[in-house]
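Visitor: sequence plus predicted model, see below.
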Amino acid sequence: MIIDTIVAPATNIAQQALAIIRVSGIDAFNIINQLLKKPLKKQRSVNFCDIIYQDRLLDQVVITTFIAPKSFTGEDTIEINCHGGVLVTKQILEAIINAGARMALPGEFSQRAFLNNKINLLQAEAINDLITAKNLFASQLAVRNMSKKNNIGVKNIKVKLLDIISRIQTSIDYPEYDDIDGSSNEELLNSIDELSKIIKTIIFKSRLANQSVSGIQTALVGSTNVGKSSILNCLLNEDKAIVSSEAGTTRDLVEGEISFANFTLKLIDTAGIRSTENKIESIGIQKSYQVLKEADLVIFVLDAQSLKFQDEFLTELKDKTVITVVNKSEILTNQEKQVILKKNPEIVFCSAINNEIDELINKIKDKYDHGEVIKSDDLVLSNIYHISLLSKVENKIEIAYNNFKSGYPVDIINVDLYEAWDNLNVLLGESYDEEIIDNIFRKYCLGK
């Protein structure tokens, strides 16, 4: 049982119209009543009150009360709407702490909601995902995951897995009953294979979703002076990188971020790749190669004036998603463009100097706009930790399937299936390591 009472600002401490201070715990009413002339009754209510501390009026506030278990945390909870000055908010917080509350840790309100079974782990992480969402896709998926849709999806997998485990366990415990429906080796193999395919589909969609939510690492690469920095500035609609006709201007990495409706690009403008004796420029080029290794998407920029395709360099990128862009296309005729497209139909043209990059943007959208992923009611995870847990589940089920097919005894098969079951329980938060749970909730903002 949690015995201490916590307090934290639910809004930034800043000069603003209003601020919200949240108090939760077994002594919430006793603590706040020390600061009021007329004590609050322990019932759900909205009250206009004077906050008084050391015989001095701190502020006139609106107090909303929630009674356990009918609150977000599952505890008695009080929310104070005060005026939003920095000083007044800090004074009220200090008064509440001196009256017996403890300053909450980041994410502690949500952690208490989880520990009090008000939300499961999928819902808890979705709250933080909504707060940190960078695009419409991320916010829609987070809202969806805050509901019980994903909870139901994981529980449906548990039901199917439990059915398989039960059928195998029955054949182990009661070998004489060999005519139980669905207990033949062929039927069990089909059930395990079907479940494995369902989970693989979920993992595939979830990885697409995670990429859209967390951001696509995108490297702008190419020779010097082909217009990489101009394209970066054009995409960001700001002068983030220095643009100059002098080759080798970009000697360090320049980063920026742009969000579309269904995905976010984390853009990195790299130093132009060429042979150089300049030590500083060489360091920048080495960094460029490191960025390439980590990039999800490579935008390979060519200059319409020279069109050096650098086939050797492209060979190094064969395992990457690459979009080849011919910049400065304003100097090319339509006939010249057609000749280039015959050699490489996937090339796109842009003119950064004229702010003409729609063709590039549309190409990126073709590859990374996965909005259809959340249009169905299928289970979709966006959190990499959850995806890794589900991958462990699928791995154990696949091992069980292969071992069963190879003629292993059924009791060995069930060992792997039980491990898959344990990972599903961790995914829902029905069993957990306290250190891992603490680490998850510490990522949250204060007051949530």
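Guide: Yep, it's here.

Visitor: C-alpha from now on. contacts and neighbour counts both.
Guide: Noted.

Visitor: strands along the stretch 251-400 of the chain, start to end?
Guide: 254-259, 264-269, 297-303, 321-327, 348-349 (DSSP state E, counting those that start in this stretch).

Visitor: chain center to the first one: distance?
Guide: Right, strand 254-259. 17 Å (Cα atoms, centre = their mean, to the nearest Å).

Visitor: show me what it is in contact with.
Guide: For strand 254-259, the surrounding residues in contact (Cα atoms under 8 Å, 6 or more residues apart in numbering) are 134-135, 232, 235-236, 240-241, 264-270.

Visitor: and the angle for it with strand 264-269?
Guide: 160 degrees (axes from the mean of the first three to the mean of the last three Cα atoms, to 10 degrees).

Visitor: can you list the strands that strand 254-259 pairs with?
Guide: strand 264-269 (antiparallel) (DSSP bridges).

Visitor: how far off centre is the strand it pairs with?
Guide: 17 Å.

Visitor: now that strand against strand 297-303, angle please.
Guide: Computed by the same axes, to 10 degrees, the angle between strand 264-269 and strand 297-303 is 40 degrees.

Visitor: for F260, which non-adjacent residue is spatially closest?
Guide: In space, and not counting its chain neighbours, F260 is closest to N135: 6.3 Å by Cα to Cα, 6 or more residues apart in numbering.

Visitor: does that neighbour touch N262 like I think?
Guide: Yes - counting by Cα atoms under 8 Å, N135 does reach N262; the two are 6.1 Å apart.

Visitor: if we can go back for a sec, dump the strands of the stretch 251-400 of the chain to a markdown table, plus mean neighbour count.
Guide: Shown next, in a markdown table, are the strands of the stretch 251-400 of the chain (neighbours: other Cα atoms under 10 Å):
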| stretch | mean neighbour count |
| --- | --- |
| strand 254-259 | 16 |
| strand 264-269 | 24 |
| strand 297-303 | 24 |
| strand 321-327 | 21 |
| strand 348-349 | 23 |
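
Visitor: quick one: closest of the ones you listed to I384.
Guide: Nearest to I384, of all the strands of the stretch 251-400 of the chain, is strand 264-269, at 16.3 Å by Cα to Cα.

Visitor: on that earlier part again, can I get the strands of the stretch 251-400 of the chain in JSON lines including mean pLDDT and distance to K38?
Guide: Shown next, in JSON lines, are the strands of the stretch 251-400 of the chain (pLDDT from 0 to 100; distance: least, Cα to Cα, whole Å):
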{"stretch": "strand 254-259", "mean pLDDT": "86", "distance to K38": "50"}
{"stretch": "strand 264-269", "mean pLDDT": "90", "distance to K38": "51"}
{"stretch": "strand 297-303", "mean pLDDT": "89", "distance to K38": "62"}
{"stretch": "strand 321-327", "mean pLDDT": "91", "distance to K38": "66"}
{"stretch": "strand 348-349", "mean pLDDT": "93", "distance to K38": "71"}
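
Visitor: right, and those strands - which one's nearest Y174?
Guide: Nearest to Y174, of those and by Cα to Cα, is strand 321-327 at 54.0 Å.

Visitor: tell me the angle that closest one makes with strand 297-303.
Guide: Using the same axes, to 10 degrees: strand 321-327 against strand 297-303 is 20 degrees.

Visitor: can you list the neighbours in contact with strand 321-327?
Guide: Here strand 321-327 makes contact (Cα under 8 Å, 6+ apart) with 226-227, 296-304, 307, 346-352, 360, 363-364.

Visitor: the bottom helix or strand of the protein by mean pLDDT?
Guide: helix 279-294 (a mean of 62; mean pLDDT, DSSP states H and E).

Visitor: doesn't S351 make contact with K328?
Guide: Yes - K328 lies in contact with S351 (Cα under 8 Å); the separation is 4.7 Å.

Visitor: show me the contacts for H370.
Guide: L208, A209, S212, N262, F263.
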